[in-house]
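Engineer: kindly generate the corresponding structure for this input.
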Amino acid sequence: MADTKRTFRSPSKTSTEDVDRTSLEPDIDSEVTDPSSGNNKQRKQNDVDWTEVNKKLRQHGLQPLKFLHPADVQHLGGNAICLDASGSKIARENFIALIADCDRRQDLVQELILTNNQLKDDVARQSAMTEKYFGKMKDLKIMLESSRARVQEMERSVSKSSQKSSSPSRSVSTTEDPEILANTKAAIHARCKQLEYKCEAQEKELERMKNKIRKMAAEDEKRSSRQQQVFQEFKKRTARAHNVMDEKLLDVIDSYEKQIQSLQRELEYFRSRDLSDVERPEGFSDTDSTSFLSVPETSDNLKDLIRNYEKTIKDQNHQIKKLEETKDLIQLDMGSRPEVKDYRASQLRIKKLEKLLSLHNIGIPGERKVIDPFRLKRKFSTRVDDLEFLPLDLCHHYIKGICAEFEIDDLEEMLPRVQKLASDLDSIQIYENFCHNVQDLINSRDALSDTNRKTRLGSPKRLQLTSGMLDHLMSILENWKQDEDDLEELQLSLNRLSERVAPWLKIHLTGEPSVSKIITAMDKLTYEDDVKAEKENKDRISRTVLENIVQHFQTLFDVPSVSGVYARMNDVYTKLGEVHNVLNTLRNLLGLSPTCKSSAIVDAVGRLFTAHQSTTVQQLKQLLQTEDLDGIIRRLEEHSEFFPAFFEIMNKLFEILDVHRMDQVIPAVRALKMLAN
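Structural biologist: Next comes the predicted model:
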C-alpha cells in the first residue's frame with residue numbers, strides 16, 4: 001500500500017483549516033491476497049469488507065484506500081505493502097474502531113455544545129430573575145412606605161376628629177369612626193408585616209442566587225484552568241486557537257472534568273444524606289440531584305424523562321407561589337372586613353341618616369319617597385342666624401329663585417354677580433348727579449358766576465331723567481366735542497398760515513386750543529400785513545436787484561426753482577430761530593455772557609456733562625435722601641415695588657376722570673367730592 005496523507009473536516013466547526021491525520025504508519029494503499037491461500041471467495045469477501053471501510057472513510061471526509069491486483073504488485077518495485085488475511089482483518093477492525101470512536105466523540109462534542117448553551121441560558125435566566133427580584137423588592141419597599149404614610153395620615157385624622165367631637169349631632173359618628181379606622185389600621189399593619197416578610201424572603205433568595213452565580217463562575221474558571229493545565233501536560237505545549245484537534249482534545253477533557261465534578265457532588269450529596277436526612281449542601285436542589293445521577297452514558301429516553309420531571313417541578317413551584325399570593329390576598333381581605341359591632345354601628349348610623357334625610361325631604365334613589373303631611377304646615381325661620389336649621393329643599397327653592405332672577409346657570413357666578421350689583425348701585429347716584437349737572441349747564445342761558453352755578457347745581461328741584469332727555473344732552477355734547485376738535489384743526493391751520501405768510505412774526509400756538517388765542521393771533525397777523533403794505537409803498541426796489549437776490553439765495557441754499565424759494569426761506573428762518581433760541585437758553589442756564597461764542601457754550605456743556613457724570617452718586621444720595629449705597633439700593637427696590645401699583649392707579653384715574661395730566665387729577669377728585677357732598 002502506498003504512503004498517502006488523508007484529510008478530514010470537522011462537521012461541528014466553522015473553521016476552514018484542514019488537519020493532516022495519519023491513521024496507520026505506514027499507510028495502506030493496496031492489498032494483495034495471500035498467495036498460499038488461493039481462496040478466491042475469501043479474497044472477494046476481503047474486497048467487500050475493504051469497500052465498506054472506504055465508504056465509511058469517504059463519509060467522514062477522508063481519502064479512501066487503493067487496492068491492487070496481486071499480479072500488479074511486482075510492477076511497483078517496493079512501493080506497496082502486502083498484508084496477510086489476519087493483518088488485513090486487524091487493520092479493518094482498527095479502522096472501524098477509530099471511525100466509531102470519532103463518531104462517538106463528535107456526538108459528545110455536539111452534546112457538550114448543547115449543554116454549554118443551556119448553561120448560558122440558565123445564567124441569563126438567573127440574571128433576569130435577579131433583576132426581577134430587585135424590581136419587586138423596590139416596589140414592595142415603596143408600597144410599605146406609602147402604607148406607613150397612610151397609617152400616619154389616618155392616625156392624624158382620628159386625632160383631629162376626636163378633638164372636634166363637641167356638637168351632639170356628631171357625637172355618634174365620632175365614636176364610630178375610630179373603630180372603623182382601627183380595623184383599617186390593623187389590616188394595614190398586617191399587610192405591612194406580610195410585605196416586610198416577603199421583602200426579607202426575596203432578599204434572602206436574591207443573596208442565594210448571587211452566591212450560586214458566583215460559585216458557578218468560580219467553578220467555570222477552575223475547570224478552564226484545569227483543562228488548560230491537563231492539555232499542557234498532555235501535549236507539552238499551549239492550546240492553539242481554531243485548531244480542530246486541540247479543540248476536540250479540550251472538549252474531551254472538559255467532558256471528563258464535568259463527569260468528575262458531577263460524581264464528586266453526588267458523593268457529597270450521599271454523604272450528607274447519610275449524616276442528616278434534612279440538611280443538604282448549599283446550592284443543592286432536587287433538580288441538581290437529578291442532574292448528578294445522570295451521566296453522559298445515560299440513554300436519551302432517561303434524559304428526556306428527567307427534563308420533563310424538572311419542567312413539571314418548575315411549573316408546580318410556580319403554581320405554589322401563585323396560590324400563596326392568592327392566599328395572602330384572601331387573608332388581607334378577610335382581615336379588612338367589618339365585624340358584628342361594625343355592622344350594629346352602621347345600622348344605628350343609617351337610622352340617624354334616614355331621619356336627617358326625611359327632615360330635609362330627600363329620598364333615597366330606588367325607594368318610594370315618603371311625604372310628611374305636617375311638614376307643609378310648619379314654619380321655619382329664614383334668618384341668617386338660623387340657616388343651619390332650615391331644611392335643604394327650602395334652601396334649594398330660594399337658591400333657584402335667586403339664580404332665575406340673575407339668569408345664571410352656575411352657583412359660582414352668584415357671588416360675583418351680587419358684588420357687581422352692589423358696586424353698580426353705589427355708582428348710580430354718582431352718575432345721576434353728573435347727568436343733572438350736565439343738564440343744568442346746558443339749560444343755563446346766561447353767564448352765571450361760580451356762586452350762582454353752585455347754588456343751581458345744589459337746588460333740589462330737578463327734572464326727572466328720561467331716555468329722550470339723555471339723548472338730547474348727548475347730541476349737544478357731541479356738537480360741543482366736534483367744535484372743540486375743529487378748534488384744534490383751526491389752530492394748526494393758523495400756525496401753517498403764519499409760517500407761510502409771516503414767519504418772522506413767530507406766531508406758533510401750542511397747548512390747549514382756545515378762541516381767545518386764535519383771535520389774538522389773527523389780529524397780529526392782519527396788523528403786520530397792513531404795516532408791510534405801507535412799507536412797500538414807501539421803498540421801491542428794482543426788479544433786477546430782486547432777481548439777483550433770488551438767484552443768490554438759490555445758489556446758497558441749493559434751490560432749483562423759484563417756487564421753492566419761499567418754503568426754503570421759511571425753513572432756514574425757522575431753523576435759525578431755533579438755533580438762536582437754543583444758544584440763548586444755554587447762555588442763560590450756564591451763566592455766560594450774551595456776547596460769548598458758540599465754542600464757549602460747547603466747552604461749558606462738556607464741563608457740565610463731565611461734572612454730572614462724576615457726581616451721579618451724590619445726586620442719587622440727594623434725590624433718595626440717603627447717605628450709604630445700601631440705602632440707595634433699598635430705596636430703588638421700594639420704588640420698583642411701589643411705582644407699578646402707583647402707575648396702574650394713575651392710569652385708571654386718568655380713564656375714570658377723563659383727564660390727561662397728573663396735575664388735573666386732584667382738582668377732578670375734589671370736584672367729585674364736592675358733588676358727592
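Engineer: show me the shaky parts of the stretch 51-200 of the chain.
Structural biologist: By pLDDT under 70, the low-scoring segments of the stretch 51-200 of the chain are 69-79, 157-185.
Engineer: okay, helices next: where are they in it?
Structural biologist: Using DSSP state H, counting those that start in this stretch, the helices of the stretch 51-200 of the chain run over residues 85-163, 171-235.
Engineer: make sure S498 is actually in contact with T520.
Structural biologist: No. Between S498 and T520 there is no contact under Cβ atoms under 8 Å: 12.0 Å. Backbone N, C-alpha and C define where each C-beta goes, glycine included.
Engineer: among the helices of the stretch 51-200 of the chain, which comes closest to P503?
Structural biologist: Within those, the stretch nearest P503 is helix 85-163; the backing value is 87.2 Å (Cβ to Cβ).
Engineer: for that closest one, packing partners?
Structural biologist: Counting contacts by 3 or more Cβ pairs under 8 Å, 6 or more residues apart in numbering; DSSP states H and E, helix 85-163 packs against helix 40-59, helix 171-235, helix 244-275.
Engineer: tabulate these (TSV), appending distance to I402.
Structural biologist: Formatted as TSV, the helices and strands packed on helix 85-163 follow (distance: least, Cβ to Cβ, whole Å):
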stretch	distance to I402
helix 40-59	105
helix 171-235	32
helix 244-275	89
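Engineer: out of the ones you listed, nearest to F609?
Structural biologist: Nearest of these (Cβ to Cβ): helix 171-235, 78.6 Å.
Engineer: on that earlier part again, which one's more surrounded, S498 and T520?
Structural biologist: Just comparing S498 and T520: by other Cβ atoms under 10 Å the higher neighbour count belongs to S498, 21 against 13.
Engineer: quick one: average pLDDT of the host helix or strand of that one?
Structural biologist: Using DSSP states H and E, S498 sits within helix 467-501. In this model, helix 467-501 carries a mean pLDDT of 81.
Engineer: going by neighbour count, list what's buried in that helix.
Structural biologist: L473, L487, Q491, L494, S498, E499 (16 or more other Cβ atoms under 10 Å).
Engineer: please tell me how far the fifth one sits from S640.
Structural biologist: It refers to S498. Going from S498 to S640 by Cβ to Cβ, to the nearest Å gives 47 Å.
Engineer: for the second one, same thing?
Structural biologist: Relative to S640, L487 is positioned 42 Å away (criterion: Cβ to Cβ).
Engineer: same question, I320
Structural biologist: Look at I320 and S640: by Cβ to Cβ, they are 73 Å apart.
Engineer: cool, and H508?
Structural biologist: Noted for H508: a distance of 40 Å to S640, by Cβ to Cβ.
Engineer: what's around Q664, how many residues?
Structural biologist: Other residues lying near Q664 total 14 when counted by other Cβ under 10 Å.
Engineer: try V565
Structural biologist: Using other Cβ under 10 Å, V565 is surrounded by 16 other residues.
Engineer: now do the contacts for it.
Structural biologist: By Cβ atoms under 8 Å, 6 or more residues apart in numbering, the residues touching V565 are V550, F553, Q554, V559.
Engineer: give me the nearest residue to the second one, chain neighbours excluded.
Structural biologist: The shortest distance from F553 to any residue that is not its chain neighbour, by Cβ to Cβ, 6 or more residues apart in numbering, is 6.0 Å, and that residue is V565.
Engineer: phi, psi of the one you found?
Structural biologist: Taking degrees, to the nearest 10, you get phi -70, psi -40 for the backbone angles of V565.
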